[in-house]
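# return a 3D structure for these sequence lines:
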Amino acid sequence: MMQDPTPATRAPSVPPLRDEERQRCEVWTRVMGYHRPVSSFNTGKQGEFAERQHFVEARAQLRD
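Presented below is the predicted three-dimensional model:
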């Protein structure tokens, strides 16, 4: 059971941004030893990037 955070740890309330205030976020990834923006990928590579599975170390278990 989680308790309600104290006022000191609660995040300040932030008003939502209007669409005209938003800024596009550029995503970069490591490819073959160097970093590149995903927006520079061709359509096929962008699709491969979207299908990537992320490794979660905590879920991996060693077997004897």
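
# grab the most central residue of the protein for me.
Closest to where the C-alpha atoms of the chain average out (Cα atoms, centre = their mean) is residue 27, at 8.7 Å.

# list the contacts of that residue.
Taking Cβ atoms under 8 Å, 6 or more residues apart in numbering, we find residue 27 in contact with 37-39. The C-beta positions use only the backbone N, C-alpha and C, and glycine is treated the same way.

# mind running it again at 6 Å?
By Cβ atoms under 6 Å, 6 or more residues apart in numbering, the contact set of residue 27 is residue 38.

# okay, stretch 24-35 in CSV with CA atoms only?
This file holds the C-alpha atoms of stretch 24-35, laid out as CSV (Å, rounded to 0.1, in the frame of the first residue of the first chain):
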residue,chain,number,x,y,z
ARG,A,24,9.4,18.8,-31.3
CYS,A,25,11.6,16.3,-29.4
GLU,A,26,14.4,14.8,-31.5
VAL,A,27,15.2,11.2,-30.6
TRP,A,28,18.8,10.0,-31.1
THR,A,29,20.0,6.4,-31.0
ARG,A,30,23.3,4.6,-31.1
VAL,A,31,24.0,2.9,-34.5
MET,A,32,27.2,1.0,-35.3
GLY,A,33,29.2,2.9,-32.7
TYR,A,34,28.0,6.4,-33.2
HIS,A,35,24.8,8.4,-32.4
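
# mind listing the helices for the protein?
43-50 (DSSP state H).
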